[in-house]
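Chemist: Sequence plus the predicted model coming up.
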Amino acid sequence: MDRSSHDKFGGHISTEPRINDRIRVSEVRLVGPAGEQVGIVRIEDALRLARESELDLVEVAPMARPPVAKLMDYGKFKYENAQKARESRRNQTNTVIKEMKLRPKIDSHDYETKKGHVVRFLKAGDKVKITIMFRGREQSRPELGYNLLKKLAQDVDEFGFIESSPKQDGRNMLMVLGPHKKKTEARAEVRAERDRKAAERQADAEVERTEQADHRTQHAEQPPTKKKRGPADNLDPDIDLS
């Protein structure tokens, strides 16, 4: 945009709310710092109340008639909002969709193995796309794939739910399972379990060190064992007994 266009449209549009003397209206609907409704007051009175309370007058609903303004500590408000946004970004995770492929006539061993993988994905908070692959004459028996998908959904319902019902897609049939737990919750549980196991290992090591210390103490307190003297101990070592 050239300079003339920039001037024509008034320059950069700020997303910040208007505060204090920047609020150019004759009256506002005032809200107190605790959310209490003060009512419609002249802008001069609202600004005076803000100064007396050592707070800011912030326009929170500029499109209302009259605009709504609230008494608050605007610096603290911005800081808390920034903290919340930072925490939200930290907790955000990219949606991961795992995929598991099955044949309509899969044997029981392979089924259990693949079901185990699906459970692991769901427990980790990931979605799972299940694909049934039809080949040859199997394409004329779509109910085989549908029944298999329904069985799998029932077998893993403790960890996930059907997010997208089975549907035909060319030679394949697809179903998407969603996890009951969010990714962040799953990660928190993994960390908690890891911390629990680390605490158990530390406690076991501490018990072992205590037992070893007690053993050394008991051994040190025992008096040395005296050797019994036998007949040969009274003989002169220079006498030849041969």
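Modeler: Sure, I can see it.

Chemist: Where does the closest residue in space to residue 49 that isn't next to it in sequence sit: helix, strand or coil?
Modeler: The shortest distance from residue 49 to any non-neighbouring residue, by CB to CB, 6 or more residues apart in numbering, is to residue 71 (6.5 Å). The way it works is simple: take the backbone N, C-alpha and C, and place the C-beta from them, glycine included. Three-state call for residue 71 (DSSP: H, G, I helix; E, B strand; the rest coil): strand.

Chemist: Enumerate the positions of the host helix or strand of residue 121 that are buried.
Modeler: Here residue 121, judged by DSSP states H and E, is contained in helix 108-123. Within helix 108-123, the residues that qualify as buried are 111, 114, 115, 118, 119, 121, 122, 123, counting by 16 or more other CB atoms under 10 Å.

Chemist: Looking at those, which is nearest residue 27?
Modeler: Of all the buried residues of helix 108-123, residue 27 sits closest to residue 122, with 56.8 Å by CB to CB.

Chemist: Turn the buried residues of helix 108-123 into CSV, including pLDDT and distance to residue 87.
Modeler: Converted to CSV, these look like this (pLDDT from 0 to 100; distance: CB to CB, whole Å):
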residue, pLDDT, distance to residue 87
111, 95, 42
114, 95, 37
115, 96, 36
118, 96, 31
119, 95, 30
121, 93, 27
122, 93, 26
123, 91, 25
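
Chemist: Just the CA coordinates for the helix holding residue 121, please, in CSV.
Modeler: Output of helix 108-123 as CSV, limited to C-alpha atoms (Å, rounded to 0.1, in the frame of the first residue of the first chain):
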residue,chain,number,x,y,z
SER,A,108,-6.6,-63.8,15.4
HIS,A,109,-2.9,-63.4,16.3
ASP,A,110,-2.3,-60.5,13.8
TYR,A,111,-5.6,-58.9,15.0
GLU,A,112,-4.5,-58.9,18.6
THR,A,113,-1.1,-57.5,17.6
LYS,A,114,-2.7,-54.6,15.6
LYS,A,115,-5.3,-54.0,18.3
GLY,A,116,-2.4,-53.6,20.8
HIS,A,117,-0.9,-50.9,18.5
VAL,A,118,-4.2,-49.1,18.3
VAL,A,119,-4.6,-49.1,22.1
ARG,A,120,-1.1,-47.7,22.5
PHE,A,121,-1.8,-44.9,20.0
LEU,A,122,-5.1,-44.0,21.7
LYS,A,123,-3.5,-44.1,25.2
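
Chemist: what's that helix in contact with?
Modeler: 98, 100, 102, 106, 127-128, 130, 152, 155-156, 159-160, 177, 179-181, 186 (CB atoms under 8 Å, 6 or more residues apart in numbering).

Chemist: How about stretch 139-158?
Modeler: Under CB under 8 Å, 6+ apart, the answer for stretch 139-158 is 102, 104-106, 115, 118-119, 122, 130, 132, 134, 138, 160-162, 166, 168, 171, 173, 175, 177.

Chemist: Just the buried residues of these.
Modeler: Buried members of the contacts of stretch 139-158, counted by 16+ other CB under 10 Å: 102, 104, 115, 118-119, 122, 130, 132, 134, 138, 160, 162, 166, 173, 175, 177.

Chemist: Thanks again, I'm all set now.
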